[in-house]
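S.K.: Show me the folded form of this:
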Amino acid sequence: MKKLWFIAILLMVLSLNLIADDVIIGTGTTNGYYPFNAFYGYGRSASLYTAEDIGLTGNISHLSWEVGSTGSAVQPIKVYAKLVDEATLTVANWATLTEDATLLYDDDHVFAALGWSTIDITDFNYDGTQNLLILCESNYGGGGASGMYPQFRYTVTTGKHLYARADNNPPTGNLTVNTYRPNIK
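M.R.: Numbers count the residues shown, from 1 in each chain. Sure, this is the predicted structure:
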């Protein structure tokens, strides 16, 4: 009987550990404007995280970005996700990137504290085999949040990040490839 109780308790502990796993991708400590650029009025950020980076399968119920410099701007933001086969990103416009993506979050947010800033999202089922494209949209408006914008930690990674930014109107052209992929949890 004691063995059965021990096995039952062990299984419960193991299952709780599987549910609560957080995956941190990126260790860089340099600050940048992405994924939620409010230095400009409008920002777009597409970050590719590979199945190898993630290493787990299951529902994603929240996402966190590492804030390296706080801001007081109330930012209207959207977060999308989609599974892709591509291992690197190439130039594309926002409409193409968000096509067939799942909208996970659409609300205002303030990045007012240093460290990991968590956003509860609509659950997204990650299959563990494809790569995950996280698309972030910031719509502060006008000429940006002068002096009130946050900055985020990023890690230099080739071919894993696209960005666009513009004042007064959302960017409509192709996003530019760079190496500044935001750290994510």
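
S.K.: Now do the helices in the protein.
M.R.: 2-19, 51-54, 94-98 (DSSP state H).

S.K.: Nearest spatial neighbour of the residue nearest the centre of the chain, chain-adjacent residues omitted?
M.R.: The residue lying closest to the centre of the chain (CA atoms, centre = their mean) is residue 134, at 5.2 Å. Nearest residue to residue 134, sequence neighbours excluded (CB to CB, 6 or more residues apart in numbering): residue 47, at 4.9 Å. The way it works is simple: take the backbone N, C-alpha and C, and place the C-beta from them, glycine included.

S.K.: same deal with residue 103?
M.R.: The shortest distance from residue 103 to any non-neighbouring residue, by CB to CB, 6+ apart, is to residue 80 (5.5 Å).

S.K.: again, but for residue 83
M.R.: residue 130 (4.0 Å).

S.K.: ok, now which ones touch that neighbour?
M.R.: Each residue near residue 130 by CB atoms under 8 Å, 6 or more residues apart in numbering is listed here: 51, 83-85.

S.K.: ok so, going back, the residue nearest to residue 103 touches residue 100, doesn't it?
M.R.: No. Using CB atoms under 8 Å, residue 80 is not in contact with residue 100; the gap is 9.7 Å.

S.K.: what about residue 88, neighbour count?
M.R.: Counted by other CB atoms under 10 Å, the residues lying close to residue 88 total 12.

S.K.: give me every residue that touches the residue nearest to the centre of the chain.
M.R.: Residue 134 sits next to 35, 46-47, 49, 63, 79-81, 184 when contact means CB under 8 Å, 6+ apart.
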